[in-house]
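Visitor: pasting the sequence and the predicted coordinates here, then a few questions.
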Amino acid sequence: PMAHPPPTPPGSVAPNPDAGKGGTSLGLTEMHDTIHAVRWAKSHLPKLSISLLGTSTGGTAAILAASEDEETQRTVKCIVAENAFATPENVSGHTVDAVVFRVLICKNNSLLYTLLYPIMRAVKVVAMLKTGWELTKRYKRVARGGESIGKLRLPLLLLHGTQDKIVSCEDSKLLYEAAKGVPEGQLEMWMCAGAEHCQLWDLDKKEFERRVGAFFDRFCL
């Protein structure tokens, strides 16, 4: 059914330019998938209350979809985004630092990491520039969560693990600070101490379900 979504309304985001190609575009392609999934659900289940919950790229795609597409923003009740990132470049940079150098090269040896820090910084900058260049070459416009989220006017719950080696928890903090359009009292954030990427539920199932359930009860039902 998703192959034939309702027509794109004037002024909204165009259909997914990379549909069917597979892989990930760090939220840019997935944003379109989210928009059309919401549109399909609204047209086929008009009485359904729709909210979005996404992890990592999925959380970023949810934020981008509602921020960039007016139809999605009018339809969705609230968003829960776990491990979302402010920019695609940040993902590349943090992965170079926390995974490639700290874990794979330095084996968590702090002294060796300190010695190699200048090299890490140089590689990190190159990786971030390369990511930005490749996305700009592929897409006419690179939507970034940290910039787009300023247009969001929906209730938003941000979740992140403090030991995330793929997406720094600082990204959720940046998103939180940039979400100026979210109404007062409708913006929440939980930093799960010790949790790694996409592992919040695994580390603290009870607290995860309590926070997410309470948020949906408040804004979705």
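Guide: Looks like it came in fine. The structure displayed is predicted, hence computed values, not measured ones. Residues are numbered from 1 along each chain as shown.
Visitor: give the buried residues for the helix or strand of the chain with the lowest mean pLDDT.
Guide: Taking mean pLDDT, DSSP states H and E as the measure, helix 145-148 is the helix or strand of the chain with the lowest mean score, a mean of 88. For helix 145-148, a neighbour-count test (16 or more other Cβ atoms under 10 Å) marks Gly145, Gly146, Ser148 as buried. (Each C-beta comes from the backbone N, C-alpha and C, glycine too.)
Visitor: now stretch 138-157
Guide: Using 16+ other Cβ under 10 Å as the test for burial, stretch 138-157 gives Val142, Ala143, Arg144, Gly145, Gly146, Ser148, Ile149, Leu152, Leu154, Pro155, Leu156, Leu157.
Visitor: how many other residues sit next to the closest residue in space to the third one that isn't next to it in sequence?
Guide: Leaving out its chain neighbours, the residue that sits closest to Arg144 by Cβ to Cβ, 6 or more residues apart in numbering is Thr87, at 4.6 Å. The local packing of Thr87 (other Cβ atoms under 10 Å) involves 23 other residues.
Visitor: all helices for the protein, in order.
Guide: Using DSSP state H, the helices of the chain run over 28-44, 57-68, 70-75, 88-95, 110-138, 145-148, 169-178, 200-203, 205-219.
Visitor: what packs against the second one?
Guide: Secondary structure elements in contact with helix 57-68, counted by 3 or more Cβ pairs under 8 Å, 6 or more residues apart in numbering; DSSP states H and E, are helix 28-44, strand 52-55, helix 70-75, strand 79-82, helix 145-148.
Visitor: can you check what angle separates the longest one from helix 88-95?
Guide: Which is helix 28-44. Relative orientation of helix 28-44 versus helix 88-95 (axes from the mean of the first three to the mean of the last three Cα atoms, to 10 degrees): 120 degrees.
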